[in-house]
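J.: Dropping the sequence and predicted coords here.
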Amino acid sequence: MLDAESLRSKLIVVCGGPRISHELAKELGFDAGFGMNTYADDVASYIAQEIAQRIK
């Protein structure tokens with residue numbers, strides 16, 4: 001739906017859960033996935049780095 005509405009490039013889409021791997025998340029169309037042994041600071045770091053890259 002994000003692609004159809006031309007919003008995809010404006011958002012960072014992530015998912016997480018005990019059965020989610022980064023590879024699965026990418027396959028499903030997310031920018032990143034966070035599974036077991038990841039914490040909120042891992043997600044926050046990813047989002048901050050992604051924003052910094054997109055601003056360049």
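T.: Looks like it arrived, so ask away.
J.: Buried residues of the biggest helix by length in the chain, list them for me.
T.: With secondary structure taken from DSSP state H, the chain has its longest helix at helix 40-55. Across helix 40-55, burial judged by 16 or more other C-beta atoms under 10 Å covers residue 46. Every residue, glycine included, has its C-beta placed from N, CA and C.
J.: Give me the distance from that helix to the chain's centre.
T.: 9 Å (C-alpha atoms, centre = their mean, to the nearest Å).
J.: First-to-last residue distance for stretch 30-47?
T.: Criterion C-alpha to C-alpha, to the nearest Å; first-to-last residue distance in stretch 30-47 is 13 Å.
J.: and stretch 9-24, average pLDDT?
T.: Across stretch 9-24, pLDDT averages out at 95.
J.: for that stretch, the distance to its chain's centre please.
T.: On C-alpha atoms, centre = their mean, the centre of stretch 9-24 falls 4 Å from the chain's centre.
J.: List of residues touching it?
T.: With contacts defined as C-beta atoms under 8 Å, 6 or more residues apart in numbering, stretch 9-24 is touched by 2, 25, 28-36, 38, 43, 46-47, 50-51.
J.: do you know how far residue 2 is from residue 8?
T.: Separation of residue 2 from residue 8 (C-beta to C-beta, to the nearest Å): 4 Å.
J.: Ok, residue 52 next?
T.: Plainly put, residue 52 is 19 Å away from residue 8 if you go by C-beta to C-beta.
J.: and what of residue 21?
T.: 22 Å.
J.: Next: residue 15.
T.: 15 Å.
J.: With residue 34 instead?
T.: Computed as C-beta to C-beta, the residue 34 to residue 8 distance reads 20 Å.
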